[in-house]
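# this one's sequence-less:
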């Protein structure tokens, strides 16, 4: 896509400098970030949905989205924006509460997976040798065991059902591919001069990893977190759908589950099963699109002129 | 190459041991009395049946023995194909219940995994060189990958099954037909198979197409491509080299995706009440049938391991580096 006629970043950045008073190193990618439609659209959509999830529940006078408030099985109208369920629950109230739970499970699951992936990936990639062998073996084992099957049995036995616990389990099982990717990146960075220099000056492993190596791949780590975040949301919705979601409150996956369970499909109540699925698809899709935009911002080769 | 397979087989064996151990540990290290819990949850009305269940479980778990003996016995029973007895369909052995469901899951999984892989790579490769196609493939691809498996299944069922009425909404075959090897049953099963297949196929398709597109573009910008075009090689040849290089990560991706696709098949089966492993797992959870759940978990793990092994074999065929043993250290 990128051709030699692309403006080189070095020439483009000074052009932007006069308009922004602080021309720090970070402002160069900011310059491209605000001009990247994919990043802007994806990011705005995520922010809008997050805002709806945060503010929406506060604007409702009813605190419990599962309460039977309205007429039964009515299509969307002025009072009930997304219609009501077979039991007269307000689909819109469930939707805004569900968005909140969905974001929460994504953040918890994504953050835990990212932390484990970073610890394992950095250590394996930087130390190499036996440490690498053992950690690599562990990564491969977890990679091959289907995460959903493990989550199923643990969930079914433990019976602990909250959004946070669900996020914890998802985080503990979804890190392997990210750990592998970080290991590969660390591998290529550990032989650079600045790392050798740090090692000669007597810095410890973790100091070198977090002061020298991690900052050099921070954009990569950020993008990885976004993918883990989206992945957690999808896994959580599957778990909810199978009936292993949180026992209290509401989530987008649980909404789909109850729509399925009470045959919304056969009854033609599209307003019951379209919004939750569309909500999940919108969040995850927007995250992916923003990620492509970020890739273009961080990686000059991919920029379209 | 020998080293490559030795490493792979070691990881697979280790995975299997870990999976079996997890399976063994969970009922033993959970709080409470598992036997009493299971008998109570099974809600068996006759006291004799409840008593039979209780003795069976106590013997099976062997709680009076030291832990290491229990562990060895578990392995012994497993290697003889004894997964225990299902609580949900007491007293059928778990192995039999699972084997009945297996053909449906495999019949759904194998075509959808392979066809989506081929079609996705083909569409991705095409879109990498046609701007118009690229502008539609990319957004549609992202939309498809972002959709939860069950939602696309629900939408398809609603549109093609409910509104259009072309396909049945649920089940693996019509209730008035007896499963068997005859044309009537085969046609009916195929009719029920289309919607679940389509939903699995579509979700996976987007990911493959995007992956292939990105890889091809990356390869076309690499040094060897510029070198070839500087030499005046025809575009066709360059694209062929790019394709061959781009397809390698896709093969690895296929292996990585298998675990996820098992999960996809589970929820899709639940939407369509398709009589495969996924529906069994749902029934097992709802009826607290832990033996069935444990058995299904092991079946899935074994399936994923076999599939991964087959892909390793394919990898040797498509990647020359594996054959010379160079890739052994990095996998």
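Thanks, I have the structure now. Quick caveat: nothing in here was measured; it's all calculated off a predicted structure.
# What helix or strand is the most centrally placed residue in chain A located in?
Nearest residue to the geometric centre of chain A (CA atoms, centre = their mean): residue A:229, 1.7 Å. Using DSSP states H and E, residue A:229 falls within helix A:218-239.
# quick one: the helices in the stretch 101-250 of chain A?
Assigned by DSSP state H, counting those that start in this stretch, the stretch 101-250 of chain A shows helices spanning A:129-144, A:147-158, A:163-173, A:176-189, A:193-200, A:205-208, A:214-216, A:218-239.
# So for chain B, which of these sits nearest?
Ranking the helices of the stretch 101-250 of chain A by proximity to chain B (CB to the nearest CB) places helix A:147-158 first, at 3.6 Å. For glycine as for every other residue, the C-beta is placed from the backbone atoms N, C-alpha and C.
# Isn't the residue nearest to the centre of chain A up against residue A:104?
No - using CB atoms under 8 Å, residue A:229 is not in contact with residue A:104; the gap is 11.1 Å.
# For burial, what's the neighbour tally of residue A:51?
11 (other CB atoms under 10 Å in any protein chain shown).
# What pLDDT is listed against it?
Residue A:51 carries a pLDDT value of 87.
# Find the helix or strand that it is a member of.
Residue A:51 belongs to helix A:37-59, assigned by DSSP H and E.
# could the helices of the stretch 101-250 of chain A be laid out in TSV, adding mean pLDDT?
Output for the helices of the stretch 101-250 of chain A, formatted as TSV (pLDDT from 0 to 100):
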stretch	mean pLDDT
helix A:129-144	85
helix A:147-158	75
helix A:163-173	87
helix A:176-189	85
helix A:193-200	80
helix A:205-208	80
helix A:214-216	80
helix A:218-239	89
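# got a markdown table for the ones you listed, with distance to chain B too?
Formatted as a markdown table, the helices of the stretch 101-250 of chain A follow (distance: least, CB to the nearest CB, whole Å):
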| stretch | distance to chain B |
| --- | --- |
| helix A:129-144 | 5 |
| helix A:147-158 | 4 |
| helix A:163-173 | 10 |
| helix A:176-189 | 6 |
| helix A:193-200 | 20 |
| helix A:205-208 | 22 |
| helix A:214-216 | 21 |
| helix A:218-239 | 5 |
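# Figure out which of the ones you listed is closest to residue B:293.
When the helices of the stretch 101-250 of chain A are compared by CB to CB, helix A:147-158 sits nearest residue B:293, at 5.6 Å.
# Buried residues in the closest one, which are they?
By 16 or more other CB atoms under 10 Å in any protein chain shown, the buried positions in helix A:147-158 come out as A:147-157.
# Counting by contacts, list what that helix packs against.
Using 3 or more CB pairs under 8 Å, 6 or more residues apart in numbering or on different chains; DSSP states H and E as the contact test, the elements touching helix A:147-158 are helix A:163-173, helix A:218-239, helix B:2-29, helix B:235-272, helix B:277-286, helix B:290-318.
# Can you add distance to residue B:173 and give the ones you listed back as CSV?
Below are the helices and strands packed on helix A:147-158 laid out as CSV (distance: least, CB to CB, whole Å):
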stretch, distance to residue B:173
helix A:163-173, 35
helix A:218-239, 26
helix B:2-29, 32
helix B:235-272, 12
helix B:277-286, 13
helix B:290-318, 21
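# nearest to residue A:132, of those helices?
helix B:2-29 (13.4 Å).
# Buried ones in that closest one, by neighbour count?
Buried residues in helix B:2-29, counting neighbours by 16+ other CB under 10 Å, are found at B:4, B:7-8, B:11-12, B:15-16, B:18-20, B:22-24, B:26-27.
# quick one: it near chain A?
Yes - for helix B:2-29, a contact with chain A is found by CB under 8 Å from any CB of the partner chain, at B:11-12, B:14-15, B:18-19, B:22-23, B:26-27.
# Please apply the same query to stretch B:109-117.
No - using CB under 8 Å from any CB, stretch B:109-117 never reaches chain A; the gap is at least 12.1 Å.
# For the residue nearest to residue B:208 when sequence neighbours are not counted, I want the exact helix or strand it lies within.
Distances taken as CB to CB, 6 or more residues apart in numbering or on different chains put residue B:120 closest to residue B:208, at 2.5 Å, once the chain neighbours are dropped. Here residue B:120, judged by DSSP H and E, is contained in helix B:94-127.
# If you count contacts, what does that helix end up packed against?
If contacts are counted by 3+ CB pairs under 8 Å, 6+ apart, helix B:94-127 sits against helix B:131-146, helix B:183-220, helix B:235-272, helix B:277-286, helix B:290-318.
# Tell me which residue lies nearest the centroid of chain B.
residue B:262 (2.3 Å).
# what residues are up against that one?
The contact partners of residue B:262, by CB atoms under 8 Å, 6 or more residues apart in numbering or on different chains, come to A:146, A:148-149, B:109, B:300, B:303-304.
# do the same with residue A:247
Contacts for residue A:247 (CB under 8 Å, 6+ apart) come out as A:161-162.
# returning to what we had before: what's the most buried one of the helices and strands packed on helix B:94-127?
Stretch with highest mean neighbour count among the helices and strands packed on helix B:94-127: helix B:277-286 (a mean of 23; mean count of other CB atoms under 10 Å in any protein chain shown).
# now it and helix B:290-318, what's the angle there?
Relative orientation of helix B:277-286 versus helix B:290-318 (axes from the mean of the first three to the mean of the last three CA atoms, to 10 degrees): 150 degrees.
# Helix or strand with the lowest mean pLDDT in chain B?
Least confident helix or strand, chain B: helix B:34-42 with a mean of 63, by mean pLDDT, DSSP states H and E.
# Excluding chain neighbours, what is closest to residue B:297?
Nearest residue to residue B:297 in three dimensions, chain neighbours excluded: residue A:149, at 4.8 Å (CB to CB, 6+ apart).
# mind listing what the residue lying closest to residue A:217 once chain neighbours are set aside touches?
Closest residue to residue A:217 apart from its sequence neighbours, by CB to CB, 6+ apart: residue A:185 at 5.2 Å. By CB under 8 Å, 6+ apart, the contact list for residue A:185 reads A:121, A:125, A:217, A:220.
# Pull the contacting residues for the first one.
Listed by CB under 8 Å, 6+ apart, the contact set of residue A:121 reads A:178-183, A:185-186.
# Chain B versus that one, what's the distance?
Separation of residue A:121 from chain B (CB to the nearest CB, to the nearest Å) stands at 14 Å.
# So for that residue, what's the nearest residue that isn't a sequence neighbour?
Residue A:121 sits nearest to residue A:182 (CB to CB, 6+ apart), 2.8 Å away.
# how about the one you found, what does it touch?
Contacts of residue A:182 by CB under 8 Å, 6+ apart are A:117-118, A:120-122, A:125, A:217, A:220-221, A:224.
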